[in-house]
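A.B. asks: sequence and predicted structure below; questions after.
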Amino acid sequence: MRIYTVYTKPGEPEPVLIKEGFSWPAVAFTVFWALWHRLWWLAGGMLAAMVATSVALGALLGASEAHSAVNFGVVAIIGFVANDLHRRALEAKGWVLQEVVAAADADAAHHRYLEQGVEQSPS
């Protein structure tokens, strides 16, 4: 089971679900992941951090295993904080945390959220 946070915004037809924990897509696609989620400032910051790290380490260490290890560390940190940064960006845009849902995948979490909403509505 995975844990998902569900965000809604007045006027938006569908909620946004964000998985808790490590984000493999953010590790694999870094800047493109941020752009996909319309996190423009984050994408710019990620790109700047990655370029600055590569340039500084290239100047200090040259092409070495330490350079690769540090770059891997930067990308791993991005993977650990990516979903939290996505949540923070949604909240800054007016989205509100509605529910925390446990489910096997995002589709099941969305379905479970909708079922809970139906059960909680007054008859």
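C.D. replies: Yes, it's here. It should be emphasised that the depicted structure is a prediction, and the values quoted were computed from it without experimental measurement.
A.B. asks: what's the burial count for residue 41?
C.D. replies: Using other CB atoms under 10 Å, residue 41 has 10 other residues around it. For every residue, glycine as well, the C-beta is placed using N, CA and C.
A.B. asks: got the buried residues for the helix ranked longest in the chain?
C.D. replies: Ranked by residue count under DSSP state H, the longest helix found in the chain is helix 65-92. For helix 65-92, the neighbour count (16 or more other CB atoms under 10 Å) marks 67, 70, 74-75, 78-79, 82-83, 85-87, 89-90 as buried.
A.B. asks: after it, which helix or strand is next?
C.D. replies: Using DSSP states H and E, the next helix or strand after helix 65-92 towards the C-terminus is strand 96-103.
A.B. asks: okay, the spatially most central residue of the chain and residue 59: tell me how far apart.
C.D. replies: Closest to where the C-alpha atoms of the chain average out (CA atoms, centre = their mean) is residue 83, at 2.6 Å. Distance from residue 83 to residue 59, counting by CB to CB, to the nearest Å: 33 Å.
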